[in-house]
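Peer 1: Structure, please.
(one chain, ligands or ions: 1)
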Amino acid sequence: MTVKDKILKALILGAPASGKGTISSRIVKKYNIEHVSSGDKLRDHIEKQTDLGKEVKSYLNEGKLVPDDVMIKFMIAELRKVENKPWLLDGFPRTVAQANALWKVQPVDVVLNLVVPFEVIIDRVKSRWVHLPSGRVYNIGFNTPKIEGKDDVTGENLMQRPDDKPEAVQKRLEIYEKVTRPVINFYKEKGILKEFEGRTSDEIWPKVTAYLDPIFQKI
Ligand code: AMP
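Peer 2: Okay, here's the model as predicted:
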């Protein structure tokens with residue numbers, strides 16, 4: 001296989017509400033790759049009230065992690081559907097057990113880690129609204145929808161995620177520190193982690209493209 005035939009497998013990490021969703025959308029659009037977001041996929045199952053949706057609903061509402069065995073089985077199956085395409089994985093893995101399982105079936109090529117101060121994150125979730133079917137995210141006062149409470153593209157209702165409630169956010173940040181921090185170290189040890197610091201997505205985005213442009217040109 002030549003470098004040109006390589007199908008790039010990228011992964012994005014970052015605390016809840018670190019702008020992962022925004023940066024991911026921009027990456028998949030600019031480089032024309034698949035976006036595989038575990039959170040979006042789970043929310044979709046909940047919305048459609050599938051068996052998986054019913055099983056995971058309470059975890060998401062309380063800001064807790066879905067058990068590893070459920071997540072690993074689900075995401076490995078999802079990734080199989082896009083194995084012949086370049087993709088950006090978002091939200092998975094969140095534990096070292098998940099990272100190990102993923103590494104066995106599909107080692108990733110690059111890992112981007114967004115580093116955003118915690119006080120910025122707390123402020124951001126308070127004003128965050130999402131369009132569930134598409135995963136589009138709005139921030140009041142920063143990236144405000146054109147019509148209050150409505151998605152710019154479809155005009156459908158926006159909602160505040162149950163896990164954006166202050167208690168759930170606190171819980172998610174605690175879990176992030178305890179359980180997901182070791183995932184960052186997992187990729188650091190593999191030598192494929194690249195960190196991007198900033199307070200806003202607009203500050204982080206140019207750093208991301210400066211890093212990814214040469215990688216995608218090489219492919
Ligand atoms: P996110 O949209 O990535 O913040 O994910 C929202 C919620 O989905 C999380 O708070 C978890 O409840 C669940 N979730 C998403 N991805 C995972 C994962 N890799 N492992 C466990 N739970 C997950």
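
Peer 1: For this protein, just list every one of the helices.
Peer 2: Using DSSP state H, the helices of the chain run over 20-31, 38-47, 51-62, 68-80, 96-105, 118-126, 166-175, 181-190, 201-218.

Peer 1: Of all these, which one is nearest the ligand?
Peer 2: helix 38-47 (2.1 Å; CB to the nearest ligand atom). Yep, even glycine has a C-beta here, placed from its N, CA and C like the rest.

Peer 1: gap between the closest residue to Ile72 other than its chain neighbours and Leu60?
Peer 2: The shortest distance from Ile72 to any non-neighbouring residue, by CB to CB, 6 or more residues apart in numbering, is to Ala101 (4.5 Å). Distance, Ala101 to Leu60, using CB to CB, to the nearest Å: 21 Å.

Peer 1: quick one: average confidence on stretch 171-182?
Peer 2: Stretch 171-182 carries an average pLDDT of 87.

Peer 1: Check stretch 81-100 too.
Peer 2: With pLDDT averaged residue by residue, stretch 81-100 scores 95.

Peer 1: Check whether that stretch comes into contact with the ligand.
Peer 2: Yes. Interface with the ligand: stretch 81-100 contributes 91-94, 98 (CB under 6 Å from any ligand atom).

Peer 1: how about JSON lines for those, with neighbour count added?
Peer 2: Shown next, in JSON lines, are those (neighbours: other CB atoms under 10 Å):
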{"residue": "Gly91", "neighbour count": "22"}
{"residue": "Phe92", "neighbour count": "26"}
{"residue": "Pro93", "neighbour count": "25"}
{"residue": "Arg94", "neighbour count": "20"}
{"residue": "Gln98", "neighbour count": "22"}
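
Peer 1: just curious, which of those is nearest to Thr154?
Peer 2: Gly91 (22.7 Å; CB to CB).

Peer 1: residues touching that closest one, list them.
Peer 2: 20, 37-40 (CB atoms under 8 Å, 6 or more residues apart in numbering).

Peer 1: how close does it get to Asp152?
Peer 2: For Gly91 relative to Asp152 (CB to CB), the value is 23 Å.

Peer 1: What of Ile192?
Peer 2: Distance from Ile192 to Asp152, by CB to CB: 35 Å.

Peer 1: Then Val179?
Peer 2: In terms of CB to CB, Val179 sits 34 Å off from Asp152.

Peer 1: And Gln170, by the same measure?
Peer 2: On the measure of CB to CB, Gln170 and Asp152 end up 30 Å apart.

Peer 1: need the residues of this structure near the ligand, please.
Peer 2: Applying CB under 6 Å from any ligand atom, one finds that the chain approaches the ligand through 16, 38-39, 42, 59-60, 63-66, 71, 91-94, 98, 163, 172.

Peer 1: and if we set it to 8 Å?
Peer 2: 16-17, 20-21, 37-40, 42-43, 56, 59-60, 62-68, 71, 75, 90-95, 98, 161, 163, 168, 172, 175 (CB under 8 Å from any ligand atom).
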